[in-house]
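Enquirer: Structure, please.
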Amino acid sequence: MSADLLPVDRDLFRGLLRRQASTVTVVTAVARGTDPACLGGIGAPLRAGFTATSFTSVSLDPPLVSFCLGVASSSWPVLARAEHVAVHLLAADQSEAARIFATSGIDRFAAYRGWTPGPFGVPLLDGVLGRLLCRVVHRVPAGDHTVVIAEPLTLAAGADAEPLVYHRGGYTSTATAVAA
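Expert: Residues are numbered from 1 along each chain as shown. Model (predicted):
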């Protein structure tokens, strides 16, 4: 068995991690704008949203969840300052939302119209399996990412449907349940 062990490099590591199926979430956030009025800025809130497969529960008492975001991500400047975030658990029929929020270089909120402003100005996606509105409590640097730990303040359960799952570089579902 030890003959199968290889030194870890970026490509082998990424390839192995693609074998793990993960549920798909979209995290949205808002932070206060920082453009000074003298430069034409009005201090409007800055929104960010991104697709994440790293979402997990951390603790039941107190309730805590986490997700990771690369510090080179276009969403990081907003997440670095955001006080509140929303985590949306996507349904199997929401692969378009996952793709849009995973696409770089676009206005994701203009490309995906199925959202409304929620408490604290945090964008809330429609039609999701579930949603948590959270207060960010910790940001932990971890290599080229940051682990964000957040405390759920409110939650909403949507339709009882199949979740969207990311596996081997694509989206799928859990349509065929396997007994635990």
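
Enquirer: give me the number of residues near the closest residue to A156 other than its chain neighbours?
Expert: Spatial nearest neighbour of A156, chain neighbours left out: R131 (4.7 Å); criterion: CB to CB, 6 or more residues apart in numbering. Quick note: C-beta positions are derived from backbone N, CA and C, even for glycine. R131 is flanked by 23 other residues according to other CB atoms under 10 Å.

Enquirer: So L5 versus R19, what's the distance?
Expert: Separation of L5 from R19 (CB to CB, to the nearest Å) stands at 16 Å.

Enquirer: what's the closest non-adjacent residue to R135?
Expert: Leaving aside its chain neighbours, R135 sits nearest to E151 (4.9 Å; criterion: CB to CB, 6+ apart).

Enquirer: Isn't the one you found up against C134?
Expert: Yes: applying CB atoms under 8 Å, one finds E151 in contact with C134, separated by 5.9 Å.

Enquirer: Looking only at neighbour counts, state which of the two leads.
Expert: Neighbours per residue (other CB under 10 Å) separate E151 from C134, with C134 holding more: 27 against 17.

Enquirer: Can you list the strands that the helix or strand containing V26 pairs with?
Expert: Per DSSP states H and E, V26 falls inside strand 25-31. Paired strands of strand 25-31, with direction, are strand 46-52 (antiparallel), strand 84-89 (antiparallel) (DSSP bridges).

Enquirer: So for I106, which of these sits nearest?
Expert: Nearest to I106, of all the strands paired with strand 25-31, is strand 46-52, at 10.9 Å by CB to CB.

Enquirer: mind checking how far the helix or strand following the closest one is from the chain centre?
Expert: Next helix or strand after strand 46-52 toward the C-terminus (DSSP H and E): strand 56-60. With CA atoms, centre = their mean, to the nearest Å as the basis, strand 56-60 stands 15 Å off its chain's centre.

Enquirer: Tell me the secondary structure at A82.
Expert: Per DSSP: H, G, I helix; E, B strand; the rest coil, the local secondary structure of A82 is coil.

Enquirer: Any regions of the protein where pLDDT drops low?
Expert: For the chain, the stretches flagged by pLDDT under 70 are 1-3, 34-43, 176-180.

Enquirer: quick one: the strands in it?
Expert: Using DSSP state E, the strands of the chain run over residues 22-23, 25-31, 46-52, 56-60, 63-70, 84-89, 115-117, 123-125, 130-142, 145-157, 164-167, 170-173.

Enquirer: Determine which stretch of these is the most buried.
Expert: For those, the largest average neighbour count (mean count of other CB atoms under 10 Å) is found in strand 25-31, namely a mean of 26.
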